[in-house]
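[1] no sequence for this one, just the structure:
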């Protein structure tokens with residue numbers, strides 16, 4: 001679940017970068033506009049993944065450095 005959420009957050013970050021740099025919304029372009037059902041679904045999933053990833057900040061995973 002962590003990796004899936006992270007992938008969605010990365011997709012959202014790339015999309016926001018494209019919007020900022022080129023005024024191009026990749027999700028909207030792929031799924032038929034910002035108000036299209038599938039676009040809204042992707043935006044919603046990215047938002048939920050972002051909220052889920054907040055929990056990753058507080059998880060204590062053992063790291064091998």
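    Structure's in. What do you need? What you are looking at is a predicted structure, and each value in this text was computed from that prediction instead of being measured. Residues are numbered from 1 along each chain as shown.
[2] any chance of the backbone angles for residue 41?
    phi -60, psi -50 (degrees, to the nearest 10).
[3] residues near it, how many?
    Other residues lying near residue 41 total 12 when counted by other Cβ atoms under 10 Å. Every residue, glycine included, has its C-beta placed from N, CA and C.
[4] pLDDT score assigned to it?
    At residue 41, the pLDDT value in this model is 96.
[5] now do residue 57
    Taking residue 57 on its own, its pLDDT is 86.
[6] buried residues in the one helix or strand residue 51 maps to?
    Element membership for residue 51, per DSSP states H and E: helix 37-58. By neighbour count on 16 or more other Cβ atoms under 10 Å, the buried set for helix 37-58 is 39, 42, 43, 46, 49, 52.
[7] how many other residues sit next to the nearest residue to residue 25 once chain neighbours are set aside?
    Distances taken as Cβ to Cβ, 6 or more residues apart in numbering place residue 19 nearest to residue 25, at 5.6 Å, with adjacent residues excluded. As a burial measure, residue 19 scores 14 neighbours (other Cβ under 10 Å).
[8] is residue 19 in contact with residue 27, as I believe?
    No. Using Cβ atoms under 8 Å as the test, residue 19 is too far from residue 27 to be in contact (9.5 Å).
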